[in-house]
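Undergrad: sequence? don't have it. structure:
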C-alpha cells in the first residue's frame, strides 16, 4: 500500500519581493550604472525582480565608502563594540529566519527544508560565533596585537547565497575590516534582504556594501586598487583568474573553489547509514555543493548490495517544488547550470558509463534534473574528473584500502572526502592519507562555524570557520 | 706543505640524495668578493628542475609519514653536522665577502636556526591545530599537514638566509626544490653535503644552482609543485612568477622584509601548511 504525500507548501506571504532592487552602498540603496538584470525563480522561470548592476564607477563608490568606514568608524572601534553589532545581526537573522529561508528557496531553488533547517540557522550561528572573536583577537594565536587587513572585496556563489555571505562577512567584520560583497547574479535577493538587516542593526554606513552584477562587476571589484583583500568562493577557473589578477600586488587572497570528493565505503561499513550518507553527500542542495561526495568509492565485495540499497533509497527522494516541506531535491539553479549538468551526463554515457535514475516526474516549467547515478565509471571519464555541480553520482570500486586512497587522491581537487567503516583505526589511517581539507567519517556534509573549512591543491587556499578563519582577515 | 697542490671540490647539484652535474653540461663561474675566480658552479636546466621535482614528490610520502619526533631529530642532526663544519662554512662565507667575525656569527646563527626549527616538529600541531566545539554530537579536530612539494627561491644570504627558508618548509613534512643564491651558491652546495650526512632521506631537499630567472619560472608553472616561496626572486620577476603559480593554485609566499638574524616566528612554517578537519559522530 502506498501512502501519497499531500502538498505541504510553505507560505510565500512572509516575503515581500519588491519589483526592483538597487545596490547597497554607504548604508543606502542606490541605482547602478550597469544594465539591470532579472533574478528568476528557477522552479518556474518566473521573473522575481529587476536587479541593479554595478559598473566600475559603482564599485568605486562602494570601495570608497568601505574605506571611509574602515578608517573613521569600524577600524578604530573597540572589538567589544564590533562584537555587539555582530551579535545584533545574529539575532536579527534569527528573528527573520523564516522570511530569509523562504526567499532563499524562491531565488535559489533549494528545498525549504534545507534553507530553513541548514542554511539560515548556520548563518545566525556564523555571526554569533565570530561576534565572540571580535574582542578576543589578541588570544587567537596571531600575535599580541593583530590588525585588520582593511577593505575586503568578496565574491560569492549561488549555491548557498546567504550562508556564503555569512562565511565572508562575519569573520571580516569581527577582525575590524569593512567589506564590499558581490552576490551571484542568479541569487542576489537574500543579500539585499541582509542589507536591510544591517540597517535594522544600525550598522554604521559603509561597513557592509553590496554590489550586484555578473562577472564584470566581480572583475572590477577584485581588480580595484582600493581593496586590501579578496575572498572568493566559486569555480577553480575563476579562482585561477583572480590569482593572476592579484599577482604582484600586496592584496591578500583566500579561495574556496571546486571539488570532486571521494566518498569511500569499506565493506564493514554500516550500510544503511552509509547509503544515507551517500544520498546526503550528493543530493543535498541538488548537488550544488563544492564539497559534494560526487565520487562514490565502494569496496568491491559490497558494491552490489550498496547499489541495490542506494537505488531503493533514491526512489524515495521527492523532487519538486522547493517550497514544499516534503521536497528533498529542488530546482537546478539556472538554465546554464542545467545545460552543464546535461552535457556532463551525456559525456558519461558517451564514454561508456551507465546512468540510472529513479522514476521521477519533473515539473514542466523550471530547471530540473532527476537524481542520477552512474555505474561502470572509469577514473579517466569526465564524470569522474570534472565537477558536475549537480545531482549526479559517479560510482567506482576498489579492492584494498591502498587502492581506495590512491583513487580518492587522484584528482587535482582536494576539498573534502568521506569514509564509511566501523573500524576506528581504519578511519584514522584513511583520514591521514586523504589529501583533502575536510574529512567526514561516518557522516557527510556537516558544517559549523567552529570548524575550519577549505581545500588542498586546486580546491583553493585559506580556511573559513574556526580560529583558522580569522587568519585571512588579519594582517599576519 | 706549501708546494702541495690543493684538491679542489667540484660543486654539483643535489637531487634525490645524489650529487649530479647539470644534465645540460653547463656551469658558471663564481667569484669571490674581490672578483677572483673561486669555482665553477653547475648551471641547472629545466630538465634538472623537473628531475628535482620528481625526486621531491617521490620523497614526500615517506618524509611526511615520519613521526614528528623523528623529523625533529633529523633536523637536530643537521645542526650537529653543521656545527662540526663551522670552519669550512666560515671560510666559504669569507670568500663570499663576509668579515671573519661576521662569517663566524652567521654560521653560529645558522646552526641555531636548525635547532630552533627542529624543536618545532612535534609542537606545530598543538599550536596550529584545534579541537573544535561544533554544535552537534560530533568529535571534530583540525590538524596541520604539509602542503606537498614546495619550490624555494632562496635569498642571497648564502647560509643563514638559505637555512631560514629551507628548515621551516621541511620541518612539517614538505619536501622542496631550492634554487640557491645565484651570486653565492657555494655554501648551498656545501650545505647539501651536510644534509646528505644527516639521515635526511634523499629527495627531501633538492638543491639547484644556476640562473634564477631561468629556473624559477619552470618551478612556478610546474603542475606537481604545491607551493612556492619567492623570497629570493627579483622584484621585477615576482608578478610573472605569481601568474605562473596560479596555474595550479600554488600556495605563494611573497618576498617580505626579512632580517635573517631576527626571531623567525612561525609564518614561514604556516605558509606551507594545510589544515585538515576530521568529523566523526559521537554515540553508542
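TA: Received the coordinates, thanks. Everything numeric here is computed off the predicted structure, so don't read it as measured data. Numbering: from 1, shown residues only, chains lettered A, B, ... in the order given.

Undergrad: which non-adjacent residue is nearest the closest residue to chain B within the stretch 301-450 of chain A?
TA: Per C-beta to the nearest C-beta, residue A:448 is where the stretch 301-450 of chain A lies closest to chain B, at 3.8 Å. Backbone N, C-alpha and C define where each C-beta goes, glycine included. Spatial nearest neighbour of residue A:448, chain neighbours left out: residue B:134 (3.8 Å); criterion: C-beta to C-beta, 6 or more residues apart in numbering or on different chains.

Undergrad: Neighbours of the nearest residue to residue A:262 once chain neighbours are set aside, how many?
TA: The spatially closest residue to residue A:262, leaving aside those adjacent along the chain, is residue A:408, at 3.5 Å (C-beta to C-beta, 6+ apart). Residue A:408: 26 surrounding residues under other C-beta atoms under 10 Å in any protein chain shown.

Undergrad: Stretch A:176-187 spans what distance, first to last residue?
TA: Stretch A:176-187 has its terminal residues 27 Å apart, counting by C-alpha to C-alpha, to the nearest Å.

Undergrad: for stretch A:114-121, same thing?
TA: Note: stretch A:114-121 ends 10 Å apart using C-alpha to C-alpha.

Undergrad: Next: stretch B:202-212.
TA: Start-to-end, stretch B:202-212 (C-alpha to C-alpha) is 23 Å.

Undergrad: and it, how far out from the chain's middle?
TA: From the chain centre to the centre of stretch B:202-212 is a distance of 8 Å (C-alpha atoms, centre = their mean, to the nearest Å).

Undergrad: List the buried residues for it?
TA: B:202-210, B:212 (16 or more other C-beta atoms under 10 Å in any protein chain shown).

Undergrad: now, among these, which is nearest to residue B:243?
TA: For the buried residues of stretch B:202-212, the closest approach to residue B:243 (C-beta to C-beta) belongs to residue B:212, at 16.5 Å.

Undergrad: pLDDT averaged over the helix or strand hosting residue B:167, what's the number?
TA: Residue B:167 is part of helix B:160-170, with elements assigned from DSSP states H and E. Mean pLDDT, helix B:160-170: 98.

Undergrad: Any part of it near chain A?
TA: No: judged by C-beta under 8 Å from any C-beta of the partner chain, helix B:160-170 makes no contact with chain A; its nearest approach is 15.4 Å.

Undergrad: show me where the stretch 101-250 of chain B has helices.
TA: Assigned by DSSP state H, counting those that start in this stretch, the stretch 101-250 of chain B shows helices spanning B:124-128, B:160-170, B:186-196, B:212-221, B:235-245.

Undergrad: Determine which of these approaches residue A:348 most closely.
TA: helix B:212-221 (31.4 Å).

Undergrad: now the chain, which segments are flagged as low pLDDT?
TA: Since no chain was named, I'll use chain A. Where chain A drops to pLDDT under 70, the residues are A:1.

Undergrad: Not quite, go with chain B.
TA: B:1.

Undergrad: Taking it, what residue is nearest to chain A?
TA: residue B:239 (2.7 Å).

Undergrad: list the contacts for the residue nearest to that residue when sequence neighbours are not counted?
TA: Counting by C-beta to C-beta, 6+ apart, the nearest residue to residue B:239 once its immediate chain neighbours are dropped is residue A:248, at 2.7 Å. The contact partners of residue A:248, taken as C-beta atoms under 8 Å, 6 or more residues apart in numbering or on different chains, are B:238-240, B:242-243.

Undergrad: redo that, cut-off 6 Å
TA: The contact partners of residue A:248, taken as C-beta atoms under 6 Å, 6 or more residues apart in numbering or on different chains, are B:238-239, B:242.

Undergrad: Just give me the neighbour total for the nearest residue to residue A:380 once chain neighbours are set aside.
TA: Among residues not flanking residue A:380 along the chain, residue A:351 sits closest, at 8.0 Å (C-beta to C-beta, 6+ apart). For residue A:351, the neighbour count with other C-beta under 10 Å is 16.

Undergrad: Repeat that for residue A:60.
TA: Residue A:60: 16 neighbours (other C-beta under 10 Å).

Undergrad: Also residue B:271?
TA: By other C-beta under 10 Å, the burial measure for residue B:271, its neighbour count, is 17.

Undergrad: Residue A:196 now?
TA: If you count neighbours by other C-beta under 10 Å, residue A:196 ends up with 13.

Undergrad: a helix runs through it, doesn't it?
TA: Yes: read with DSSP: H, G, I helix; E, B strand; the rest coil, residue A:196 is one of the residues of a helix.

Undergrad: how much space between it and residue A:216?
TA: Remark: distance between residue A:196 and residue A:216 (C-beta to C-beta, to the nearest Å) = 26 Å.

Undergrad: and if you look at residue B:134?
TA: Relative to residue A:216, and taking C-beta to C-beta, residue B:134 is found at 39 Å.

Undergrad: Settle it for me: which of these two has more neighbours?
TA: Here residue B:134 and residue A:216 are set side by side on neighbour count (other C-beta under 10 Å), and the busier one is residue B:134, at 20 against 15.

Undergrad: Residue A:9 against residue A:322, yeah?
TA: No: counting by C-beta atoms under 6 Å, residue A:9 stays clear of residue A:322, with 9.9 Å between them.

Undergrad: Which one's more surrounded, those two?
TA: residue A:322 (29 against 13).

Undergrad: mind listing what the more buried one touches?
TA: Contacts of residue A:322 by C-beta under 6 Å, 6+ apart are A:43, A:105, A:109-111, A:330-331.

Undergrad: mind putting these in TSV, distance to chain B and secondary structure included?
TA: Below are the contacts of residue A:322 laid out as TSV (distance: C-beta to the nearest C-beta, whole Å; DSSP: H, G, I helix; E, B strand; the rest coil):
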residue	distance to chain B	secondary structure
A:43	30	coil
A:105	23	helix
A:109	26	coil
A:110	21	coil
A:111	20	coil
A:330	24	coil
A:331	28	coil
